[in-house]
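Asker: Take a look and give me a structure for this.
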Amino acid sequence: MTRATVAALLAGVLAAAALVELAAARRSPRRPRPRRSAVLLALLARLGRRAGLATARGDIAERLVAAGTPLGLAAHDVAALKGALALAAALVAVPLAAGAPGRLGLLLLLAAPAGGFLAPDAWLARRARTRAAVMARELPDVLDLVRVAVEAGLPAVRALGDVGRRHPGLLAGELRGTAAATELGVPRAQALAELRRRAPLEAVAALTAAIDRSERHGAPLSPALAALAAEARAEAGRALAERAARAAPKIQLAVALLLVPAVLLLVAAAAAAALLPR
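Answerer: Model prediction:
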């Protein structure tokens, strides 16, 4: 198959995604249009489910929750998406492998489906790391606010909800969801366990353990929160120092690649002007 055939296949996939997006826009004209990436992912997940590729492993659900449940996907949707991407990558790789030289075609046939199958895992892992980094930056301030609310006399879970309503951060939103779940009748232990799943940080696990000890045995919560906040600030300082240490070689590389050649060009221009006859 030629490059024109490959382009036609890609154009067909994009056209199908555009038709799905157009149909959704016609059904609900007042709603904001979904992003094209979301529409394409939904289309691929639907194709995977129809092809019978929606068998999900147990760890997919955990990674999906840690990533914040993007696009409202469920575990079977991610499994279907993995299968559909592997199939689509294999279909695209077949014409490319036919024109590849030597053993490169066989390598392409093997690597393309594997890459398509593992792409959703890499996407979820990246989202989970990004969410964890954002929540780690917000953690010291949130813990201090929870401590102030507890010292003011609020119960622990209600303090979480109060901080969640007043703080604009991502971690505060998770705390607000935990408090709302308990208000709807979800057991406290179950709501705190869900918080640990959605915010997989050691400090959050320690926070939920401290709340559980306080509710069960009457242990004072304020000293534990103060210690957790101090530890979170120390950890943030260490992370900032590590980032600064990693930035130093990059700055030196930028100086070596940009400033030094620029200075050499100026010296060479001055030397050429002095040596050339006028």
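
Asker: now the residue nearest in space to the middle of the chain, what's its secondary structure?
Answerer: To find the centre residue of the chain, average its C-alpha atoms and take the closest one (Cα atoms, centre = their mean): that gives residue 127, at 0.8 Å. Going by DSSP: H, G, I helix; E, B strand; the rest coil, the secondary structure assigned to residue 127 is helix.

Asker: Any figure for the gap between it and residue 136?
Answerer: When distance is defined by Cβ to Cβ, to the nearest Å, residue 127 is 15 Å away from residue 136. Where C-beta positions appear, they are placed from N, C-alpha and C, glycine not excepted.

Asker: Correct me if wrong: the residue nearest to the centre of the chain contacts residue 65.
Answerer: No: with the criterion set as Cβ atoms under 8 Å, residue 127 and residue 65 do not qualify as a contacting pair; they are 11.1 Å apart.

Asker: who touches both of the two?
Answerer: When contacts are counted by Cβ atoms under 8 Å, 6 or more residues apart in numbering, residue 127 and residue 65 are jointly contacted by no residue.

Asker: got a list of what the spatially closest residue to the residue nearest to the centre of the chain that is not a sequence neighbour touches?
Answerer: Once its chain neighbours are removed from consideration, residue 127 has its nearest residue in residue 67; the separation is 4.0 Å (Cβ to Cβ, 6 or more residues apart in numbering). Contacts here follow Cβ under 8 Å, 6+ apart; on that basis residue 67 touches 124, 125, 127, 128, 131.

Asker: didn't residue 141 look like it was pressed against residue 163?
Answerer: No: using Cβ under 8 Å, residue 141 is not in contact with residue 163, being 9.4 Å away.

Asker: Compare the two (neighbour count), which wins?
Answerer: Between residue 141 and residue 163, counting by other Cβ atoms under 10 Å, residue 163 is the more crowded of the two (26 against 17).

Asker: Please parse the protein into its domains.
Answerer: If you go by automatic domain parsing, the domain ranges for the chain are 3-133, 135-234.

Asker: Out of those, which gets nearest to residue 269?
Answerer: Between residue 269 and the domains of the chain, the tightest spacing by Cβ to Cβ is seen for domain 3-133, at 45.4 Å.

Asker: So what's the residue count around residue 145?
Answerer: Residue 145 is surrounded by 21 other residues when neighbours are defined as other Cβ under 10 Å.

Asker: try residue 64
Answerer: Once other Cβ under 10 Å is used to define contacts, residue 64 is seen to have 22 neighbours.

Asker: Can you spell out which helices and strands pack onto the host helix or strand of residue 247?
Answerer: Secondary structure assignment for residue 247, by DSSP states H and E: helix 222-254. The contact analysis (3 or more Cβ pairs under 8 Å, 6 or more residues apart in numbering; DSSP states H and E) places helix 222-254 against helix 104-151, helix 202-217.

Asker: could you dump those to TSV with mean pLDDT?
Answerer: Below are those laid out as TSV (pLDDT from 0 to 100):
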stretch	mean pLDDT
helix 104-151	89
helix 202-217	90
